[in-house]
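Chemist: Model the following, please.
(chains A, B, C and D)
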Protein chains: 2
Amino acid sequence: MPVSLKDVASIAGVSIKTVSNVVNDYPFVSADTRSRVQAVIDELGYRPNFSARRLRNGRSGLVALSLPELTPYFAELAEHVVAAAERRGFTVLIDRTGGERRHERLVAGGIRDNLTDGTIASPLSMTAEDVEKLRGNHPIVLLGERLVHVGVDHVAIDSVAASQDAVNHLLGTGRRTIAAIGTSRRPTGTVALRQRGYEQAIKAAGLRRDRALYGDVELFHREPGYQAMQELLQRRPALDAVFCFNDLLAFGALRALHEWGRRVPEDVAVVGFDDVAECRYSSPPLTSVSPDKRAVAEYAMELLVQRMQGSAPEQPQEIFPDYELVIRQSSAAG
Amino acid sequence: MPVSLKDVASIAGVSIKTVSNVVNDYPFVSADTRSRVQAVIDELGYRPNFSARRLRNGRSGLVALSLPELTPYFAELAEHVVAAAERRGFTVLIDRTGGERRHERLVAGGIRDNLTDGTIASPLSMTAEDVEKLRGNHPIVLLGERLVHVGVDHVAIDSVAASQDAVNHLLGTGRRTIAAIGTSRRPTGTVALRQRGYEQAIKAAGLRRDRALYGDVELFHREPGYQAMQELLQRRPALDAVFCFNDLLAFGALRALHEWGRRVPEDVAVVGFDDVAECRYSSPPLTSVSPDKRAVAEYAMELLVQRMQGSAPEQPQEIFPDYELVIRQSSAAG
DNA sequence: TTTCGTTTGTACAACGTTGAAGACATCGTT
DNA sequence: AACGATGTCTTCAACGTTGTACAAACGAAA
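Modeler: So this is what the prediction gives:
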């Protein structure tokens, strides 16, 4: 049923290769032949067979984007990655891992049996060894915090500095009892860095570290943020600020604060991380660390393309795109 | 560099086909041979070549999900579609069309040169003819409102009834001056249906249609919702309810109402559409029409699989999954 | 022992495409 | 007139896989 080069060739009265040449804009085809062949192509509605092409020349033009889930931050990032890929003639295949290590390992292995030419991954639970062992020679670029000692390119903003900036901003508006939501007993990856930034800022301000101000959390979603905020309010009713490790946690926290009758920002200031679109419309609008998502996507694609072309330097690259703290009402001076 | 069947075969001392048989769990392979071959496969880290397989047997195991953009509703829907596909052994390739007709037409044509086995699409600007002409015999299932007279399967909740329910609910809490946000001068697709539902409910309640209560909008985003709400408040300061054609518009409207000092729900009730996660955390939490997204995704995949297998009935199917109106604080009795 | 059926393995061709290499005109030079 | 250069098109092989058809080995039944 599908139309192949052969069909076009036989009708146009030329060889298969000539049709192929027309399709691929090979220069040495006479205008006459070209238009004649093109007419038949249009007539029959020929479309190149992707698999055959890839089988022959080893490139699929596909790039995998592997994300834990399609939450707002990742969705916004994905939009930028798709755009960046399109500019370079690649198609993005978005793979949702659910943060499961088994699935993520599959991805590092070249996703679904070498279907794609390269992978941009934002791993949650994958370990350094997983990446090392499984990627083989499949080009891969990691988004988000670096897994220690992994010889792989990666692109991420400086989470420690950004977190410090966020907490310093809270300190600057006179807050002194600053909680954190998104912490963990055994912090790894992103959590470890943001937690470190928080602690360094607290310490630098001469405040003491208070474990009761840590809102531990399993997932970076709204509901856990809501829960954590409630627990914090029970333990430390006098807290006057919260730094949330991502925006969703902050939205949950805002709801809890509202229910407890705490005014934001008068009683409690709140800062988030990621600066998703929702920040501008929450009540009150949320102050947030805003990574330059476009830059993250652009750098990631650029690195990946270099790897795929083999034009990248030997040693793994690390890129830290810009970020800024976007100050909104949720952290106005109390 | 990559390991092929040939490599495995030569090392294991069997034919290529035997290795293939082991890989594909072909029954008539002795346990002995099987384990020996499997050992070599593991040893060499063999992975089947996707393109070669597809070239040979005509199936890629890929399904395209074509969406205008990765806004919250589509992102949530995508999660469900990915899950539904995974259950059936398919991988989803998410394609972001940007709502551009040119891009959507590409998709209907079998996305990127028959890379996928089928397509689930949520078209924005594609016309009936586009679909008819271009899909060829590529299996396709449409999400969202039906394009008139298109002979293609489609899955969507009954938008007219759902909109009526939403407006009736507002009427039931005593509201009488009910605006709509998301309308259009020349409504098509989703907009047409929701607008019709709104108008029918208004008329059935014996109220008169008031063009000044229509908040026309270009995009279903937060910002246009915000703008539209402001204009409505200028034109009809006494309005006591707003029905928004999706949640993002409603979030924008909430912000505008807040800035104008209108209390929600006391002064103005607000209802949205889609019931995205954000609804439960907005201020106040947003009443919204909640489509059974899981069912939408499940039905769509089921239909698509049937089409791909050729086991679907001749005439195009239409499926209307369940929905419910989830009532939250934003529309509590004023 | 012969015969037949079952189990296990192999050889071959083909899927649609493109790179390499070459055939064949045509044309301008010498 | 012979020559190479150039432009245009073709032939051939190969990418890695699997369906088809068949061969070999084996055991059981006659």
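Chemist: Please give the element, helix or strand, for the closest residue to A:Asp247 other than its chain neighbours.
Modeler: Nearest residue to A:Asp247 in three dimensions, chain neighbours excluded: A:Gly272, at 4.0 Å (CB to CB, 6 or more residues apart in numbering or on different chains). No exception for glycine: its C-beta is placed from N, CA and C like everyone else's. In the assignment (DSSP states H and E), A:Gly272 maps to strand A:269-273.
Chemist: Could you identify the helix or strand that succeeds that strand?
Modeler: With secondary structure assigned by DSSP H and E, strand A:269-273 is succeeded by strand A:287-291.
Chemist: can that next one be found next to chain B?
Modeler: No: using CB under 8 Å from any CB of the partner chain, strand A:287-291 never reaches chain B; the gap is at least 15.1 Å.
Chemist: gap between that strand and the chain center?
Modeler: Relative to its chain's centre, strand A:287-291 lies at 15 Å (CA atoms, centre = their mean, to the nearest Å).
Chemist: Compute the inter-axis angle for that strand and strand A:269-273.
Modeler: With axes from the mean of the first three to the mean of the last three CA atoms, to 10 degrees defining the directions, strand A:287-291 sits at 20 degrees from strand A:269-273.
Chemist: Restricting to C-alpha, output the helix or strand just after strand A:287-291 in PDB.
Modeler: Per DSSP H and E, the first helix or strand lying C-terminal to strand A:287-291 is helix A:293-309. Output of helix A:293-309 as PDB, limited to C-alpha atoms (Å, rounded to 0.1, in the frame of the first residue of the first chain):
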ATOM      1  CA  LYS A 293      14.900  27.600  30.600                       C
ATOM      2  CA  ARG A 294      15.500  28.500  27.100                       C
ATOM      3  CA  ALA A 295      19.200  28.600  27.700                       C
ATOM      4  CA  VAL A 296      19.100  25.300  29.500                       C
ATOM      5  CA  ALA A 297      17.400  23.700  26.500                       C
ATOM      6  CA  GLU A 298      19.600  25.400  24.000                       C
ATOM      7  CA  TYR A 299      22.800  24.400  25.600                       C
ATOM      8  CA  ALA A 300      21.700  20.900  26.100                       C
ATOM      9  CA  MET A 301      20.800  20.500  22.500                       C
ATOM     10  CA  GLU A 302      24.000  22.100  21.400                       C
ATOM     11  CA  LEU A 303      26.100  19.800  23.500                       C
ATOM     12  CA  LEU A 304      24.100  16.800  22.300                       C
ATOM     13  CA  VAL A 305      24.500  17.700  18.700                       C
ATOM     14  CA  GLN A 306      28.200  18.100  19.200                       C
ATOM     15  CA  ARG A 307      28.400  14.700  20.800                       C
ATOM     16  CA  MET A 308      26.400  13.100  18.000                       C
ATOM     17  CA  GLN A 309      28.700  14.700  15.500                       C
END
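Chemist: Run through who's touching the following helix or strand past helix A:293-309.
Modeler: Next helix or strand after helix A:293-309 toward the C-terminus (DSSP H and E): strand A:318-319. Contact partners of strand A:318-319, identified using CB atoms under 8 Å, 6 or more residues apart in numbering or on different chains, comprise A:Arg146, A:Asp153, A:His154, A:Val155, A:Ala156, A:Tyr299, A:Leu303.
Chemist: would you list these in CSV and tack on neighbour count, secondary structure and pLDDT?
Modeler: Below are the contacts of strand A:318-319 laid out as CSV (neighbours: other CB atoms under 10 Å in any protein chain shown; DSSP: H, G, I helix; E, B strand; the rest coil; pLDDT from 0 to 100):
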residue, neighbour count, secondary structure, pLDDT
A:Arg146, 18, coil, 66
A:Asp153, 24, strand, 88
A:His154, 23, strand, 89
A:Val155, 26, strand, 94
A:Ala156, 23, coil, 92
A:Tyr299, 22, helix, 96
A:Leu303, 24, helix, 93
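Chemist: where exactly do the strands run in chain A?
Modeler: For chain A, applying DSSP state E gives strands covering A:62-67, A:91-96, A:118-121, A:140-143, A:153-155, A:178-183, A:214-216, A:241-244, A:269-273, A:287-291, A:318-319, A:323-326.
Chemist: So for B:Glu259, which of these sits nearest?
Modeler: When those are compared by CB to CB, strand A:287-291 sits nearest B:Glu259, at 18.1 Å.
Chemist: Within its sheet, name the partner strands of that closest one and how each one runs.
Modeler: Sheet pairing for strand A:287-291, assigned by DSSP bridges, gives strand A:269-273 (parallel), strand A:323-326 (antiparallel).
Chemist: among these, which is the most enclosed?
Modeler: strand A:269-273 (a mean of 30; mean count of other CB atoms under 10 Å in any protein chain shown).
Chemist: quick one: it to chain centroid distance?
Modeler: 20 Å.
Chemist: Show the contacting residues for A:Ser159.
Modeler: By CB under 8 Å, 6+ apart, the contact set of A:Ser159 is A:Glu145, A:Thr190, A:Leu193, A:Arg194, A:Gly197.
Chemist: Tell me how far it lies from A:Phe320.
Modeler: 10 Å (CB to CB, to the nearest Å).
Chemist: Pick out the residue of the stretch 201-334 of chain A closest to chain B.
Modeler: A:Ser283 (3.5 Å; CB to the nearest CB).
Chemist: Which pLDDT value goes with that residue?
Modeler: With respect to pLDDT, A:Ser283 has a value of 91.
Chemist: what's the neighbour count on the closest residue to DNA strand C within the stretch 101-250 of chain A?
Modeler: Ranked by CB to the nearest atom of the strand, the top residue of the stretch 101-250 of chain A for proximity to DNA strand C is A:Asp117, at 14.8 Å. The number of residues packed near A:Asp117 is 21, by other CB atoms under 10 Å in any protein chain shown.
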